[in-house]
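Asks: Below is the sequence, then the predicted model.
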Amino acid sequence: MAPLVGEAPKTNMGRLEIESPNVLGENPFGIKFDSNPEFYNTAIKFTMAFCGLQISYLTWGYMQELIMTTVFLPTELCPDGKFP
């Protein structure tokens, strides 16, 4: 019966040998970054949605603090002076 998990090739006293890039800026994994333009469109949409949510959370918190710390004076329509 064959083992389910194979062993990694061992070199250099049991350590895996990994080649480092020789040229500065060389892509060490061989990934083509311009191969999928749809990825960039999706990433931009995701980033914009994330930033929009963060801005809305900050706006909500600011408005909540502004409302909760404001002293409301009594009026004819609201004699106790509490926020309606």
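Replies: All right, it came through fine.
Asks: Any stretches of the protein with poor pLDDT?
Replies: 1-35, 83-84 (pLDDT under 70).
Asks: Which residue ranges of it form helices?
Replies: Using DSSP state H, the helices of the chain run over 37-69.
Asks: check contacts around Pro74.
Replies: Neighbouring residues of Pro74 by CB atoms under 8 Å, 6 or more residues apart in numbering: 80-81. For every residue, glycine as well, the C-beta is placed using N, CA and C.
Asks: From Gly81, how far off is it?
Replies: 4 Å (CB to CB, to the nearest Å).
Asks: same thing with Ile55?
Replies: 33 Å.
Asks: got it, and Leu66?
Replies: According to CB to CB, Leu66 stands 17 Å off from Gly81.
Asks: and Ala49, how far is that from Tyr62?
Replies: Distance, Ala49 to Tyr62, using CB to CB: 21 Å.
Asks: what do you get for Tyr40?
Replies: As defined by CB to CB, Tyr40 lies at a distance of 33 Å from Tyr62.
Asks: now swap in Thr42 and tell me
Replies: In terms of CB to CB, Thr42 sits 31 Å off from Tyr62.
Asks: Repeat that for Ile44.
Replies: For Ile44, the distance to Tyr62 - CB to CB - is 27 Å.
Asks: All set now, cheers.
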